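Q: Next one to model:
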Amino acid sequence: MAACIPLSLKMSPSALLGVRCLLTEEYSSRKFLKCLTELCRRDYSGKAQPAVEEGGGITAGFSGPLDHYTRLISDGSLREDEHQKAVLLKLDQLHRTLRGYSNTPTSIFSKFFTKPKPPKGYYIYGDVGTGKTMVMDMFYSYVETEKKKRVHFHGFMLDVHKRIHRLKQSMPKRKVGKMAKSYDPIAPVAEEISEEACLLCFDEFQVTDIADAMILKQLFENLFLNGVVVVATSNRPPEDLYKNGLQRVNFVPFIAVLQNYCQTLRLDSGIDYRRRNRPSAGKLFFLSSEPDAETSLDKIFDEMAFKQNDITRPRVLNVHNRKVRLNKACGTIADCTFEELCDRPLGASDYLEMSRLFDTVFIRHIPLLTLNKKTQARRLITLVDAFYDHKVRVVILADHPLEDIFVHNGDDGHDESHILMDDLGLKRDEASNLSIFTGEEETFAFQRTISRLTEMQTEEYWLEGDRSTKSQV
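A: The predicted structure follows:
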């Protein structure tokens, strides 16, 4: 059996663990199912770059994702949810439709014939913690093609912008005094991605960046025309994407493209499974007002650092030829302040690099995040998304309880917003409804952050995030 499963060097620790479950006779069926469930439930990306990851499927003897889901329910590993089952029924049908599907030309004469019409994908939306990622990952693991990629949408767009930059840099320099023909790299980038995958699965499809918003229509039109099938999860329905965003009128045509190639499914059972009662990993969230809170964090850090084969020292991360300094780290543990992580101009690529290097990050002194600190709030949201996707564990010291960290009122001055309005030449009344000034997008996304941070304090998550045990397997 071992000879039939390629143990790719690109496989993440969680994927390798799943394969080992298949190859090890010591696992009981219940442990095996639990292990495979975790493989399906989580992001497979074991490293920050490239943003999109190749994947093969693990079928484990099930006929498809719906069969797998049904078995997990009968085994008691999952609780039955009719909303999840209804979505999985659709995904199971798509899984069967995709058997034998490819967007790769079969011969040099293929371009002279009509291309087979690709099946429609799915856009799955609903509240946080309802199982959207789990059902998509179950579907993904059973699709029988090597040309598939599963990625967090933010990471995918980072990869797209890097490809655009690389293509622009490869163009010959314009001669002095000569007008250069304008070069549009979007179609070539879409073609590159299409050659790598006929199925793209996106987790957390959200649009908050104007640079992303302005290229999505052209990018996805080309992907769809090249036969790429898309399955995505999101907290927002398609028509609410980039809601009240800057220059949204230029973004709206993308929504029609998305709805033309993807059927919309709502998965909303009203239950946040991340926040259901599960054994805690211990006290990992401290309030600044608690006596000896700083001392408690110091003690946890020292106990963990004692097990590391390293000394406590500053670390400098190299992220795309930029130096990012962290003042205190030891092996796979980083002890940071909120100011270090979110007050500096850091982004997803920096947090992905941290996710690659560290399995535990201390975040100290998270303040009350008012509208005047929405930029810092957005960075915290991005940081938690990156850490959660890569099972990085966190220990937090904050000024307020988790549910109260971000508030929609306060700091009426909004000096930063007023400066940006002036720079953009916008009047105050014109800008009053734009999401970059109202904090609406941050408020919405922060519900996901609270849900994820809640799960990140459970014993199950904490044990899964311990990379020292994985390295010994």
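Q: how about the helix or strand hosting residue 91: buried residues?
A: Taking DSSP states H and E as the criterion, residue 91 maps to helix 82-97. Across helix 82-97, burial judged by 16 or more other CB atoms under 10 Å covers 83-84, 87-88, 90-92, 94-95. Where you see a C-beta, it was placed from the backbone N, CA and C, and this is true even at glycine.
Q: do the same with stretch 384-402
A: Here stretch 384-402 shows 384-398, 400, 402 as buried, counting by 16+ other CB under 10 Å.
Q: Would you work out how far apart the start and end of stretch 236-254 are?
A: Start-to-end span of stretch 236-254 (CA to CA, to the nearest Å) is 15 Å.
Q: what's the model's confidence in the biggest helix by length in the chain, averaged?
A: Criterion DSSP state H: the longest helix present in the chain is helix 153-170. Taken as a whole, helix 153-170 has an average pLDDT of 90.
Q: Also stretch 391-401?
A: Per-residue scores along stretch 391-401 average to 96.
Q: residues in contact with it?
A: 14, 42, 281, 284-289, 293-294, 297, 300-301, 354-355, 358-368, 384, 386-387, 405, 453, 456, 461-462, 464-466 (CB atoms under 8 Å, 6 or more residues apart in numbering).
Q: repeat for stretch 449-458
A: Contacts for stretch 449-458 (CB under 8 Å, 6+ apart): 128-129, 272, 274-275, 278-281, 284-285, 380-381, 384-385, 387-388, 393-394, 396, 402-403, 461-462.
Q: Quick check on the residue lying closest to residue 275 once chain neighbours are set aside: phi, psi?
A: Excluding its sequence neighbours, the residue lying closest to residue 275 (CB to CB, 6 or more residues apart in numbering) is residue 454, at 4.9 Å. Residue 454 has phi and psi values of phi -60, psi -50 when expressed as degrees, to the nearest 10.
Q: same deal with residue 264?
A: Torsion angles, degrees, to the nearest 10, at residue 264: phi -90, psi 130.
Q: Roughly how far does it sit from residue 121?
A: If you measure residue 264 against residue 121 using CB to CB, to the nearest Å, the figure is 10 Å.
Q: So those two - more neighbours on which side?
A: Under the neighbour definition other CB atoms under 10 Å, residue 264 and residue 121 were set side by side, and residue 121 has more, 23 against 14.
Q: May I have the phi/psi pair for that one?
A: phi -90, psi -160.
Q: Quick check: it touching residue 227?
A: No: if you go by CB atoms under 8 Å, residue 121 and residue 227 don't touch, sitting 11.4 Å apart.
Q: thinking again about what came up before, of the contacts of stretch 391-401, buried ones?
A: For those, a burial check counting by 16+ other CB under 10 Å picks out 14, 42, 281, 284-286, 297, 300-301, 354-355, 358-364, 366-367, 384, 386-387, 405, 453, 456, 461-462, 464-465.
Q: give the contact list for residue 154.
A: For residue 154, the contacting residues are 204, 206, 348, 382, 385, by CB under 8 Å, 6+ apart.
Q: Restricted to buried residues, select these in PyMOL.
A: Only the buried entries of the contacts of residue 154 go into this PyMOL selection, using 16+ other CB under 10 Å:
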select buried, resi 204+206+348+382+385
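Q: Could I get the contacts of residue 154 in a markdown table, plus columns for secondary structure?
A: Below are the contacts of residue 154 laid out as a markdown table (DSSP: H, G, I helix; E, B strand; the rest coil):
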| residue | secondary structure |
| --- | --- |
| 204 | coil |
| 206 | coil |
| 348 | helix |
| 382 | helix |
| 385 | helix |
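Q: so which of the contacts of residue 154 comes closest to residue 340?
A: Proximity of the contacts of residue 154 to residue 340, judged by CB to CB, is greatest for residue 382, which lies at 14.8 Å.
Q: For the residue lying closest to that closest one once chain neighbours are set aside, give its distance to residue 189.
A: Closest residue in space to residue 382, ignoring its immediate chain neighbours: residue 348 at 5.3 Å, by CB to CB, 6+ apart. Noted for residue 348: a distance of 18 Å to residue 189, by CB to CB.
Q: cool, and residue 95?
A: 28 Å.
Q: Please apply the same query to residue 350.
A: From residue 350 over to residue 189 (counting by CB to CB), the distance is 23 Å.
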